[in-house]
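Visitor: generate coordinates for the sequence data below:
(one chain, ligands or ions: 1)
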Amino acid sequence: MPLLNLKNQALALISQTVSGQELAQLRIAFLGRKGQLNQVFKKLDKVNYGRQFNETKQAIESALTERQTQLTGTTAEWFDLTAPGQLPPLGHLHPISQAIAEIQRIFEHLGFTRVRYPEVDWDHYVFEALNMPADHPARDEWETIFIDAPAHPKLGQMVLTTHTSNGQVREMERVKKPPIRMLNLGKCYRRQQDPTHTIMFHQFEGLVVDKGISIPHLKGTLDYFGRQWFGPKIKSRIRPFHFQFTEPSFEVDFTCTACNGRGCRFCKSGWVEVGGAGMVHPKVLSAGGIDPKKYSGFAFGWGVERVLRLKPGLNIDDIRLLYSTNQEFLNQF
Ligand code: PHE
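Guide: Residues are numbered from 1 along each chain as shown. Have a look, this model is predicted:
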């Protein structure tokens, strides 16, 4: 009976082995794909001998394992001491946290101090003091989420901050007397969701107030940031725009880093818009208790997600990925 013979032969040989290496050879000789067991099996009548075949196989397998334990005290078949170890997966800071740290570092080099102001704030700081009285149409720009809570008698309703500009008048009230060099970086909220907008996002707001501050100071600051963030070849331009709280107001563009400003599928014109800026409106200075006849200032407010997606080599098509749990995406940072 070929199966029985095979089994007896295997068990005898296994019991005589003296090393794991010999065992490994026997395993291949009997149980390998081209091993003896399979050779015998090919010739057998499968219907009648199927069960016996499995029993033989199991008997040889358990004899191999048992002998392995006797020889080495372990059931491990093979252990390579020289193989490199496996590192446990290490986490890292979220790409937005990394971007925030870098933005803060760039502006600290210019003497800006990072501050934080409430992310749930009064209408007064978010709109009213920024020259946007109640019912002013300019408010429509910000798709505001209101808090269902009693209004403050002077400061109005509570809102989720739609921009970090709420920090402007708060900072003026805190510092009282210029110079001011503020970087307000925090969360903002707008009722908007598409590939380039998330309901919650981050802005960084610069505010400089002192004697004799003018547009070239603004332009120089933006250029410095641009070179640090995008690289030495970057160029910026300011385009006339309108904000209620700055006069004049601008939108700031940088040369597209995908095509170096030549114009491509991504940017079309060679320029990409990064956000708003301008010279602080005299009414805003007054609202903050600062005399606009003595002092002037500039401000800018940009999205962290937006400048991140434009960083050379990133070109993130859909910023919603940043707030997903997509590990393949996040592990790249
Ligand atoms: N707060 C503006 C916005 O959210 C940006 C801005 C900030 C514009 C400061 C001018 C000055 O779009």
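Visitor: residue 68: which element?
Guide: helix 46-72 (DSSP states H and E).
Visitor: ok now that helix, how far from the chain's centre?
Guide: Centroid separation between helix 46-72 and its chain, computed with CA atoms, centre = their mean, to the nearest Å, is 53 Å.
Visitor: just stretch 6-23 next, same as before
Guide: Averaged C-alpha coordinates place stretch 6-23 at 57 Å from its chain's average position (CA atoms, centre = their mean).
Visitor: flag every buried residue along it.
Guide: Across stretch 6-23, burial judged by 16 or more other CB atoms under 10 Å covers 6, 7, 10, 13, 14, 17, 20, 23. From N, CA and C alone the C-beta is placed, and that goes for glycine too.
Visitor: residue 211: which of those residues is nearest?
Guide: Nearest to residue 211 among these, counting by CB to CB, is residue 20 at 84.2 Å.
Visitor: please report the distance of that closest one from residue 66.
Guide: In this view, residue 20 and residue 66 are 13 Å apart by CB to CB, to the nearest Å.
Visitor: same question for residue 32.
Guide: Taking CB to CB, one finds residue 32 at 19 Å from residue 66.
Visitor: same check on residue 264?
Guide: Separation of residue 264 from residue 66 (CB to CB): 69 Å.
Visitor: equivalent analysis for residue 228, please.
Guide: With CB to CB as the criterion, residue 228 and residue 66 are 67 Å apart.
Visitor: do residue 300 as well
Guide: 76 Å.
Visitor: which one's more surrounded, these two?
Guide: Set residue 300 next to residue 66 and count neighbours by other CB atoms under 10 Å: residue 300 wins out with 24 against 13.
Visitor: contacts only, for the more buried one.
Guide: The contact partners of residue 300, by CB atoms under 8 Å, 6 or more residues apart in numbering, come to 205, 206, 218, 221, 222, 252, 275, 276, 277, 278.
Visitor: what number of residues lie near the last one?
Guide: Right, the one you point to is residue 278. Residue 278 has 25 nearby residues by other CB under 10 Å.
Visitor: try the fourth one
Guide: Other residues near residue 221 number 19, with proximity taken as other CB under 10 Å.
Visitor: tell me the pLDDT at it?
Guide: Here, the pLDDT recorded for residue 221 equals 97.
Visitor: then the first one?
Guide: Per-residue confidence at residue 205 stands at 98 (pLDDT).
Visitor: and the helices in the stretch 201-333 of the chain?
Guide: Counting by DSSP state H, counting those that start in this stretch, the stretch 201-333 of the chain has helices at residues 215-230, 282-287, 304-309, 327-330.
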